[in-house]
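Enquirer: I need the structure of the sequence given here:
(one chain, ligands or ions: 2)
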Amino acid sequence: MKVLVTGGAGYIGSHTILELLRAGHEVFACDNYCNSSPEALRRVRRLANADFGEADVDVRDASRLGKVMTEFSPDAVIHFAGLKAVAASEKVPLEYYDNNVLGTLRLLEAMDSTHCQRIVFSSSATVYGEPKYLPYDEAHPLNPANTYGRTKLVAEQVIADWCAATAGASAALLRYFNPVGAHSSGEIGEDPNGTPDNLMPFVAQVAVGRRPHLNVFGNDYDTRDGTGERDYIHVVDLARAHVAAIELISESTGCEAVNIGTGTAFSVMDMVRGFEAASSRPIPVQFVERRDGDLASYYADASKARELLGWRAELGLKEICGSTWNWQSRNPNGYA
Ligand code: NAD
Ligand code: UDP
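Expert: Ligands and ions are numbered 1, 2, ... in the order given. Prediction:
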């Protein structure tokens, strides 16, 4: 299939393009590089030993996006482009709605005018909010606790409404849990700007000496060791879920939300110990106050992904920590 990938130079996009190429798909990547480097796509080409089209396009720019869509004429789109920092979303909510919601709307309009009816959307487990029960399944009430999560929920609803109104359309709303890890080559990985908000890039930067210690946000949660628990999903497993989703939407119509997680929760301290083992370096920690808005624990019911996509996570904590360390130690300053 011909697959247009928005946000293709980003962390998850770059790993997904590699898996799409390996599965024999033809790819075109669009990115405005607001949170990524074109270097990621150069490395993907090298790893895949294959070429693909690429354009500097903001998905909200109807005329440039329309031109790319008309020329490439994709069978399907994977929509990664968006902003993802929870704390920033509280400070600049309009920027988040503009990028995540308006960007999705513009993309669907461009798909309509080029007769492309299949989309895979990057959603997030944050759409569920405070757990009414665990594991979260896809029928869990949707009540995001922050602006970022609300932009993802609105975008999901826009896609679902478009899908219902468009004969023959199909959409997969993939609700990612916590994407972590890097490609086993150590050539591509997560390269956040500035101070990382997320646990694993922070831990990796401590291990490599860029930061003195990790602040652990709370050790008094009602969890096994008192620190927060999450369902960490290896980015290569996540990338393969997109290949499976492309297959699903090419054979079906309608809109499906699917959790992409492992079904297992690890604590902050599990991740720290895993990383110490993988890197043979100590990760000094300081226990500090809980971070505002953090939940104690959540993880996926991943059974729908197994049934609908025939996909399950195969990589565990060892591969997550080992690949993150391999990436960070080979690229201490990321793509810079
Ligand atoms: P990322 O920031 O590495 O990738 C997003 C890419 O989109 C970047 O390359 C960025 O430059 C590009 N982009 C942003 N706005 C754009 C626009 N208007 N037009 C064109 N390109 C634009 O983030 P990621 O971790 O790869 O996440 C990809 C998607 O998955 C995002 O939509 C994110 O919200 C979602 N998601 C991520 C996580 C996570 O923890 N990483 C979890 C759940 C969902
Ligand atoms: N966390 C932490 N220190 C950090 C970053 C994160 O203790 O510097 C904890 C956070 O409180 C949560 C877990 O690590 O329990 C995962 O946080 P992350 O920001 O990676 O993901 P999310 O909050 O989106 O689940």
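Enquirer: what about the residue in the stretch 201-336 of the chain positioned nearest to ligand 2, distance to Ala40?
Expert: For the stretch 201-336 of the chain, the nearest residue to ligand 2 under the criterion Cβ to the nearest ligand atom is Gly228, separated by 2.3 Å. C-beta coordinates here come from the backbone N, C-alpha and C atoms, glycine included. Taking Cβ to Cβ, to the nearest Å as the measure, Gly228 and Ala40 are separated by 29 Å.
Enquirer: Equivalent analysis for Ala167, please.
Expert: 37 Å.
Enquirer: so where's the protein uncertain?
Expert: Judged against pLDDT under 70, the chain has no low-scoring part.
Enquirer: For this protein, which residues are neighbours of ligand 1?
Expert: 6-7, 9-13, 30-36, 58-60, 80-82, 84, 99, 103, 122, 124, 176, 179 (Cβ under 6 Å from any ligand atom).
Enquirer: where's Tyr133, which helix or strand?
Expert: Assigned by DSSP states H and E, Tyr133 belongs to neither a helix nor a strand.
Enquirer: For the residue of the chain found nearest ligand 1, which non-adjacent residue is spatially closest?
Expert: Nearest to ligand 1 in the chain, going by Cβ to the nearest ligand atom, is Gly10, at a distance of 2.0 Å. Here the nearest residue to Gly10 in space, its sequence neighbours aside, is Ser36; by Cβ to Cβ, 6 or more residues apart in numbering that works out to 4.7 Å.
Enquirer: What of Ser122?
Expert: Phe80 (4.9 Å).
Enquirer: Likewise for Asp220?
Expert: Of all residues not flanking Asp220 in the chain, Gly226 sits nearest, at 5.5 Å (Cβ to Cβ, 6+ apart).
Enquirer: Based on its surroundings, how many neighbours for that neighbour?
Expert: 16 (other Cβ atoms under 10 Å).
Enquirer: what does the one 4 residues further on give?
Expert: Other residues lying near Arg230 total 24 when counted by other Cβ under 10 Å.
Enquirer: measure stretch 134-151 end to end?
Expert: Its first and final residues considered, stretch 134-151 spans 23 Å by Cα to Cα, to the nearest Å.
Enquirer: for stretch 247-262, same thing?
Expert: 21 Å.
Enquirer: residue contacts, the residue nearest to Asp137 when sequence neighbours are not counted?
Expert: Distances taken as Cβ to Cβ, 6+ apart put Asp301 closest to Asp137, at 4.0 Å, once the chain neighbours are dropped. Taking Cβ atoms under 8 Å, 6 or more residues apart in numbering as the criterion, Asp301 is in contact with 135-138, 259, 263.
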